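K.L.:
what follows is a predicted protein model with its sequence.
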Amino acid sequence: MKKLFAVLGNPIGHSMSPVMINDLFSFYNIDAAYLPFQVKEVDLHDAVKGLKALGVSGFNVTVPHKSKIIPFLDGIDELAANIGAVNTVVYENGQLIGYNTDGPGFLKGLNAFLPKITDQKVLIIGAGGAARAIYLTLAKENPLVLNIANRTIEKAWELIKECPYSVFSSACSFEEASESLGEYDLVIQTTLIGMSPKINEQPFPLNKIRNQTVFCDIIYNPLETQFLQEARLNGASIQNGIDMFVYQGALAFEKWTGIFPDVERMRDNVLKQLGGRTC
């Protein structure tokens, strides 16, 4: 009997996950289908109940439902609970259990650029949902410093204070971050600034950066944001958001099937889908 998997969001038509995941099912000869469902917030509870009644094997959750779905699940793991958001749900022993693979996906994708976070000085730009997932995931890895820069410094401090892990963190403004970039080994841009169609924007100028610093931007459309372009021109190593997207999907696939998939195949698939709309 064919297994059912899904992704819930609103909107959902832009999602590249169905093509990426269905290709993996075919590649690994798994009799399954992964379908996108556009679900309004008012219908979210009914959608979850419906999927459970249909015997769904698992599903993904994307904006704007990652936090709102939690009350409708039977349980969530520790990291997802601390983040306050779920992007992957697994049907386990008659229960829907929620996980968050966004932060772990970012960390796995980072491995080729920076094999370990321990003893590194890290700056996260932004304090929204993606920043929270990455911040709490990295906090468990014992970095030397894990600071947050945000337009609203109070929001950054809130995230720091809610962290259950022991890590040295401070909050700063974009202006302060721009002047202190030379202090960091890793800088992670998590805001929507620079995303298509506003591709000529970036959070702040990149001053005094070091060649050894790794600059990441979780945006992948365009493939190289203004932020990354400036970092590259100043000699830094750069990484766009494709790795995070691919690895969070790979970790979800592993939870559903027990197979950690071919991430290069997934990456190539995403690049093909982006095609002519990378800027």
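P.N.:
Okay, I see it.

K.L.:
just the buried residues of stretch 172-180, please?
P.N.:
Neighbour counts over stretch 172-180 (16 or more other C-beta atoms under 10 Å) mark 172, 174, 177-178, 180 as buried. C-beta: built from backbone N, CA, C; applies to glycine.

K.L.:
now stretch 89-104
P.N.:
Result for stretch 89-104 [16+ other C-beta under 10 Å]: buried residues 89-91, 96-104.

K.L.:
can you pull out the strands in the protein?
P.N.:
Ranges of strands within the chain are 3-9, 32-38, 58-61, 75-76, 88-92, 95-99, 121-125, 145-149, 171-172, 186-189, 214-217, 237-239, based on DSSP state E.

K.L.:
to residue 199, which of the ones you listed lies closest?
P.N.:
strand 214-217 (11.7 Å; C-beta to C-beta).

K.L.:
now for that closest one, which elements pack on it?
P.N.:
Applying 3 or more C-beta pairs under 8 Å, 6 or more residues apart in numbering; DSSP states H and E, one finds that strand 214-217 contacts helix 102-110, strand 186-189, helix 226-233, strand 237-239.

K.L.:
spell out the residue ranges of the helices in the chain.
P.N.:
17-27, 44-54, 78-83, 102-110, 129-139, 153-161, 174-179, 226-233, 242-257, 263-274 (DSSP state H).

K.L.:
so what's residue 169 up against?
P.N.:
Residues in contact with residue 169, defined by C-beta atoms under 8 Å, 6 or more residues apart in numbering, are 139, 145-148, 160, 163.

K.L.:
still on that earlier bit, how about the strands of the chain in CSV, adding mean pLDDT and distance to residue 132?
P.N.:
Compiled in CSV, the strands of the chain are given as follows (pLDDT from 0 to 100; distance: least, C-beta to C-beta, whole Å):
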stretch, mean pLDDT, distance to residue 132
strand 3-9, 98, 18
strand 32-38, 98, 25
strand 58-61, 98, 15
strand 75-76, 97, 15
strand 88-92, 96, 16
strand 95-99, 98, 15
strand 121-125, 98, 9
strand 145-149, 98, 10
strand 171-172, 98, 13
strand 186-189, 98, 12
strand 214-217, 98, 16
strand 237-239, 96, 20
